[in-house]
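Peer 1: Coordinates for the following, if possible.
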Amino acid sequence: MRKHKYLLAILCFIGFTLSINAQNFGYINSQILIQDIPEVKEANSNIETFRTQLQKKGQEMLQALQTKAQDLERRQAQGEISPIQLEEESAKLQQEQQTILAFEQESQQKILKKSEDLLTPIRDRIQKAIDDVAAEKSFDYIFDTSTGFVLYADESTDVTALVKAKLGM
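Peer 2: Here you go, the predicted structure:
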């Protein structure tokens, strides 16, 4: 009986070892890959231009509000405005300030949307290339070293060049 248990344990160990050795691993550094893709540079440039345009418009709106507030203060100091008018004008300025805050929030959402619209197709293309390389080279796993989760990787398993080739780079 003991012999059978010992034999069974050895067979299980051999089977486990063979299944581990049968797996094929690869890794990629997605940060290096992404920085080499011209479409990413172009998309980032477009996003930055869009962000700059929205910031400029927001700054213009803020400058106009500040000018109005300074003018209101001047008119109050010179006695050109009644307390009721001052209250009405202050309420208008507060409403304009709320409009500017809403514009800033909306701008952030628009920037995020534009980023997603421009970068999602690129990410999808990269993922397809990774999937294709994994299928063609029979990789069971491909890890991304840029995330920091790989503690050791044999350089011969780096598939970055294969993915770049698949992307036509």
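Peer 1: list the helices and strands the helix ranked longest in the chain packs on?
Peer 2: Counting by DSSP state H, the longest helix found in the chain is helix 83-136. Helices and strands touching helix 83-136, by 3 or more C-beta pairs under 8 Å, 6 or more residues apart in numbering; DSSP states H and E, are strand 25-28, helix 30-35, helix 38-77, strand 141-144, helix 160-166. C-beta coordinates here come from the backbone N, C-alpha and C atoms, glycine included.
Peer 1: can you put the ones you listed in JSON lines and add mean pLDDT, mean neighbour count and distance to residue 127?
Peer 2: Output for the helices and strands packed on helix 83-136, formatted as JSON lines (pLDDT from 0 to 100; neighbours: other C-beta atoms under 10 Å; distance: least, C-beta to C-beta, whole Å):
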{"stretch": "strand 25-28", "mean pLDDT": "90", "mean neighbour count": "21", "distance to residue 127": "11"}
{"stretch": "helix 30-35", "mean pLDDT": "90", "mean neighbour count": "15", "distance to residue 127": "10"}
{"stretch": "helix 38-77", "mean pLDDT": "96", "mean neighbour count": "13", "distance to residue 127": "14"}
{"stretch": "strand 141-144", "mean pLDDT": "88", "mean neighbour count": "16", "distance to residue 127": "11"}
{"stretch": "helix 160-166", "mean pLDDT": "91", "mean neighbour count": "17", "distance to residue 127": "10"}
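Peer 1: Including distance to residue 84, could those go into CSV?
Peer 2: CSV is the format used below for the helices and strands packed on helix 83-136 (distance: least, C-beta to C-beta, whole Å):
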stretch, distance to residue 84
strand 25-28, 69
helix 30-35, 60
helix 38-77, 12
strand 141-144, 65
helix 160-166, 70
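Peer 1: So which of the ones you listed is nearest residue 92?
Peer 2: helix 38-77 (8.2 Å; C-beta to C-beta).
Peer 1: so what's residue 122 up against?
Peer 2: 37, 39, 40, 43 (C-beta atoms under 8 Å, 6 or more residues apart in numbering).
Peer 1: that older thread, any idea of the mean pLDDT in the longest helix of the chain?
Peer 2: Mean per-residue pLDDT for helix 83-136: 95.
Peer 1: Compute the inter-axis angle for it and helix 38-77.
Peer 2: 170 degrees (axes from the mean of the first three to the mean of the last three C-alpha atoms, to 10 degrees).
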